[in-house]
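1. here's a sequence, model it:
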Amino acid sequence: MVLSITSRLALAATLAMTMSGIQNASAHSSILISNTACQEDMPITPTSLYWHLKYQNDATVYAISAEGYVQALVPDAPPFKETTRLIVLGNGSSEEVLDQSSEKFTQNLREGFEGNSPASIFLETDYAGSIGKNGPSLRLTQEFPDATIMAIKGKIGIIGNNSENPEHWYIGAHAPFNLPEVADRMESLKANISQIWLERKLPNYPKGSTKEGCVEAMQSAFQAPEGNDFLRFIDTMFADFTSPEAKQGSASIAEYYAYMAGNLRTVCGPGLPYFSPHDQKHCATAVQ
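-> Prediction:
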């Protein structure tokens, strides 16, 4: 049988779509956080996790303990070792990942993969792209030579770029605009958000504060993911911190992220936060 050019093109397109479907079906994206992620003074990691799951990634959530034990936080999760694309989300420094030394974290991750290697690892932790013998990127590259390791050599997180709409946010090297008014407003928001996180109870959760409720939900999920409500908790938490009431009370985490821009980004004109027509400096730069 001789196929026409049109038929051959159609067949090639069909095969390409079929292969793409097979590849997508075999891909397994995961987000790894610390099992102490709820113990921060601000709900930064839970908020970032919610945003990833809601607006960015169809991924399975796992947590890792200081001892290196990796546990899915959702029921019926694939084994962690089958992960092909990994996002590591949480606290970090130029020599630490998720409050573990780069060397220890790399060893724990290797044990979690049980000899397998992901195709890519994105370190969404501060200063993970720092170059040095104990730098997270270098350690991971040495342990996973076949994986693409991606990181930022600076602070990293959600970038709002003047938008309180999570659909407009993205992840990157971020910094607040270098305006005194913005700095003062962000300090006020941070203090109010932290106070609510540390002191106020969310409805339907037994503990005495939002933070304690998060810790309990995390511990429950880490011990037994079946039937836990950790992801439902962070859903409720995000809604609470982005509600009209939070906005009126100067405790909106959406407003807080709106003042984060891409590092070294300069914006000029009336779109600046707290822009004053009497200010002759019509520009501001986001600086770490």
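
2. show me the helices in the protein, by range?
-> Assigned helices in the chain, in chain order: 5-26, 44-51, 102-113, 136-143, 180-199, 210-223, 230-241, 244-248, 253-258 (criterion: DSSP state H).

3. next, the angle from the second one to helix 210-223.
-> If I follow you right, that is helix 44-51. 70 degrees (axes from the mean of the first three to the mean of the last three CA atoms, to 10 degrees).

4. what's around Lys153, how many residues?
-> Lys153 is flanked by 15 other residues according to other CB atoms under 10 Å. The C-beta positions use only the backbone N, C-alpha and C, and glycine is treated the same way.

5. please read the previous query as pertaining to Pro145.
-> By the criterion of other CB under 10 Å, Pro145 has 9 neighbours.

6. please apply the same query to the one 10 residues further on.
-> Using other CB under 10 Å, the number of residues around Lys155 comes to 16.

7. residue contacts, it?
-> Contact analysis of Lys155 by CB atoms under 8 Å, 6 or more residues apart in numbering lists Asp126, Tyr127, Ala173, His174, Ala175, Asn263, Gln288.

8. just the closest of those to Gln71, please.
-> Distances from Gln71 to the contacts of Lys155, taken as CB to CB, are shortest for Asp126 (24.3 Å).

9. surely the closest one meets Gly92?
-> Yes - the pair Asp126 and Gly92 passes the contact test of CB atoms under 8 Å, sitting 5.0 Å apart.

10. and the pLDDT for Ile5?
-> On the pLDDT scale, Ile5 is placed at 42.

11. distance of Glu199 from Arg85?
-> 38 Å (CB to CB, to the nearest Å).

12. picking that back up, any quick ChimeraX command for the buried ones out of the contacts of Lys155?
-> Applying 16 or more other CB atoms under 10 Å to the contacts of Lys155, the buried members can be selected in ChimeraX as follows:
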select :126,127,173,174,175,263
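
13. before we move on, the earlier item: can you flag the weakest of the helices of the chain by average pLDDT?
-> Among the helices of the chain, helix 5-26 scores lowest, at a mean of 41.

14. quick revisit: comparing Glu199 and Arg85, which residue is more hemmed in?
-> Between Glu199 and Arg85, counting by other CB under 10 Å, Arg85 is the more crowded of the two (18 against 12).

15. so who does His168 touch?
-> Gly160, Asn161.

16. state the distance from it to Asn162.
-> Relative to Asn162, His168 is positioned 9 Å away (CB to CB).

17. Ile152 too?
-> The gap separating Ile152 from Asn162 is 21 Å, by CB to CB.

18. looking at those two, which is more packed in?
-> Set side by side, Ile152 and Asn162 show more neighbours around Ile152, with 22 against 14, by other CB under 10 Å.

19. pLDDT at the more buried one, what is it?
-> Predicted confidence (pLDDT) for Ile152: 94.

20. wait, it touches Ala173, no?
-> Yes - applying CB under 8 Å as the test, Ile152 and Ala173 come out as touching, 4.8 Å apart.
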